[in-house]
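# need a 3D model of the sequence below.
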Amino acid sequence: MRQVERSNGKETVADSSPAPRNGVRLMIVILVAMALLAIYANVQKARRDKIENTAIIPVPSASAPAASPVR
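Okay, here's the model as predicted:
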């Protein structure tokens, strides 16, 4: 691994990352949560045909249109 010279000693390139460790961990947690949400959404989409049933019931047509009140 490459070495980086600093005023207080030597450290590796991996240790001198500009991103803080907590920020990187937070981004990883967010990515994992989004991946799990995408998997859940795709499973629900695949199961939709088994869950949802649609019944179309025709509405009986009126024989005569209703008269509007006269004022």
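# tell me where the protein has helices.
21-51 (DSSP state H).
# shaky segments in it?
1-17, 62-71 (pLDDT under 70).
# if you set the cut-off to 90 instead, what comes out?
Applying pLDDT under 90 to the chain flags residues 1-19, 46-71.
# Leu37 and Ile56, how far apart?
To Ile56, Leu37 is 33 Å away according to C-beta to C-beta, to the nearest Å. Bear in mind the C-beta positions are built from the backbone N, C-alpha and C, glycine included.
# also Met27?
Distance from Met27 to Ile56, by C-beta to C-beta: 47 Å.
# neighbour count: these two, which is higher?
Neighbour count, other C-beta atoms under 10 Å: between Met27 and Ile56, Met27 has more, with 11 against 4.
# residue contacts, the more buried one?
Met27 makes contact with no residue under the criterion C-beta atoms under 8 Å, 6 or more residues apart in numbering.
# and it, how far is that from Ala38?
Relative to Ala38, and taking C-beta to C-beta, Met27 is found at 16 Å.
# go on, Val24?
Counting by C-beta to C-beta, the gap from Val24 to Ala38 is 21 Å.
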